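[1] The sequence isn't on hand, but the structure is:
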């Protein structure tokens, strides 16, 4: 029987793990999944921020918990995956969101900073996806993986922004998404990416202060930056059965910036 639209978007009985979930875009996506009925596991490095995020979600009636882990470290990633499976059971939805940026001219970009960005933004996504797929998703022949890329992964930057490692890493995330979708489609796993534009956050604060929030907003056809709701719909689409026939895709949530730049 064909399901209703409400049933297709319903996540009751599903378990979701969100890295970088203690604030910003990660917390917004945790709200989206939890509001649709999923049980939520948050992960980030700082316990106090995780505790605060969990309290916020629980106050909204969401079943939430947390595990502190550094998504740039293999041992922490394996511990995160294993402890999540032990505490929640099988993981149905993985949101790879933890990330880092570094601003420096390409000719002077420190190698250690390049490695830090790549380890967290690309290697960490791969290791956590691999661990959870082998232990939970592939055996059950089902799963949803959502990788957070960026419109920075679609091309270069406006003048004044110098984030060569970040742009490179997010471009890699987009093709990682495509390649993984091709390999794991036969296991019933969908893999998609979201490419946010500018959202006010701790990561973008320096850029917005440098270039100006009004100037950055004026670059978008919608003349605005992202807000606390704008990732919810895309996240739920990719996480639910409403998007069960979508895989290997990226979607820009950027107010139209990538249309201008040709992303």
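    Everything's here; your move. As the structure is a computational prediction, the values presented were derived from the model and not from experiment.
[2] Quick check: residue 224 touching residue 254?
    No: if you go by CB atoms under 8 Å, residue 224 and residue 254 don't touch, sitting 10.4 Å apart. In this view, the C-beta of every residue, glycine as well, is placed from N, C-alpha and C.
[3] neighbour-wise, which of those two wins?
    residue 254 (26 against 16; other CB atoms under 10 Å).
[4] Now that one: phi and psi?
    Taking degrees, to the nearest 10, you get phi -140, psi 10 for the backbone angles of residue 254.
[5] State the number of residues packed around the nearest residue in space to it that is not next to it in sequence.
    Distance criterion CB to CB, 6 or more residues apart in numbering; nearest residue to residue 254, sequence neighbours excluded, is residue 197 at 2.6 Å. For residue 197, the count of nearby residues is 24 (other CB under 10 Å).
[6] First-to-last residue distance for stretch 55-68?
    End-to-end distance of stretch 55-68: 15 Å, with CA to CA, to the nearest Å as the criterion.
[7] tell me which residues of it are tucked away?
    56, 57, 62, 64, 66, 67, 68 (16 or more other CB atoms under 10 Å).
[8] circling back: if I follow the layout properly, the residue nearest to residue 254 ends up in contact with residue 259?
    No: contact between residue 197 and residue 259 fails when scored by CB under 8 Å: they sit 10.7 Å apart.
[9] Columns distance to residue 49 and secondary structure on top of the buried residues of stretch 55-68, output as JSON lines?
    Listed next are those as JSON lines, based on distance: CB to CB, whole Å; DSSP: H, G, I helix; E, B strand; the rest coil:
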{"residue": "56", "distance to residue 49": "11", "secondary structure": "helix"}
{"residue": "57", "distance to residue 49": "13", "secondary structure": "helix"}
{"residue": "62", "distance to residue 49": "17", "secondary structure": "coil"}
{"residue": "64", "distance to residue 49": "13", "secondary structure": "strand"}
{"residue": "66", "distance to residue 49": "9", "secondary structure": "strand"}
{"residue": "67", "distance to residue 49": "13", "secondary structure": "strand"}
{"residue": "68", "distance to residue 49": "9", "secondary structure": "strand"}
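[10] where exactly do the strands run in the stretch 51-200 of the chain?
    64-68, 93-96, 143-148, 189-196 (DSSP state E, counting those that start in this stretch).
[11] Looking at the longest one now, give me its mean pLDDT.
    The one in question is strand 189-196. Strand 189-196 shows a mean pLDDT of 98 in the predicted model.
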